[in-house]
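Colleague: Have a look; sequence and predicted model below, questions after that.
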Protein chains: 2
Amino acid sequence: MSAPTAELYENLRLELRRGALTLAVLTQLRAEQYGYTLRKALCDAGLEIDESTLYPLLRRLETQGLLVSEWREENKRSKRFYRLAPEGEALLQQLLMEWQVINTAITRMAKE
Amino acid sequence: MSAPTAELYENLRLELRRGALTLAVLTQLRAEQYGYTLRKALCDAGLEIDESTLYPLLRRLETQGLLVSEWREENKRSKRFYRLAPEGEALLQQLLMEWQVINTAITRMAKE
């Protein structure tokens, strides 16, 4: 790819990932997690995310009422634990159905 | 869902679709199409898109060198036909691989 195409690719790649990352975070927070383990789970699944992207996203989702968090001590260190709020669970189910629609469309179109 | 959650859902849904729509448009333009048939193909696949979203997207992709277009007469009407440029084909292949990575991650996480 030429340099301009490589830059375009990176932009489109980020655009593809943006919405999916929110969805991935919501799926992971059906079980309580703190930032480090959440980030590791996303990375392990192939969705690397910077701390500078993850923490603002978590704050936004909490402000929107989709997550709840609490500070707790674990292994003598104070950590902030996150999990889905009931509104977040309802929304996650909707978004997973929407993901299915989108993925079915992309998969079908890619094969045509 | 409460009214604020419904609005949030709509925003997240649009965020999920944004990148996917660009990808869907690129897949469709491996074969030449004009706006109306392209829009119909996307709608039929479950990806409704307004004309006010589709045409600016096509212009942007053409400016970026991913598409080429030409005006031609068909059935006595002048229509603008679009198809992938070589740069667009290369980029489409990359984005489809990226889509696979993201979908695999979401699917795995959703099932955990």
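Modeller: Received, thanks.
Colleague: check contacts around the residue of chain A positioned farthest from its centre.
Modeller: The C-alpha centroid of chain A is most remote from A:Ser2, which lies 30.4 Å away (C-alpha atoms, centre = their mean). Residues in contact with A:Ser2, defined by C-beta atoms under 8 Å, 6 or more residues apart in numbering or on different chains, are B:Glu87. Bear in mind the C-beta positions are built from the backbone N, C-alpha and C, glycine included.
Colleague: Kindly recompute the last result at 6 Å.
Modeller: Contacts of A:Ser2 were listed using C-beta atoms under 6 Å, 6 or more residues apart in numbering or on different chains, and none were found.
Colleague: cool, A:Phe81 as well?
Modeller: For A:Phe81, the contacting residues are A:32, A:34, A:70, A:72, by C-beta under 6 Å, 6+ apart.
Colleague: so it sits in a strand?
Modeller: Yes. Looking at A:Phe81 with DSSP: H, G, I helix; E, B strand; the rest coil, it is inside a strand.
Colleague: who's it bridged to?
Modeller: A:Tyr34, A:Glu70 (DSSP bridges).
Colleague: quick check, A:Glu73 in a helix?
Modeller: No. With three-state DSSP as the criterion, A:Glu73 is located in strand rather than a helix.
Colleague: do you know how far it is from A:Arg83?
Modeller: 17 Å (C-beta to C-beta, to the nearest Å).
Colleague: ranges for the strands of chain A?
Modeller: A:33-34, A:67-74, A:77-84 (DSSP state E).
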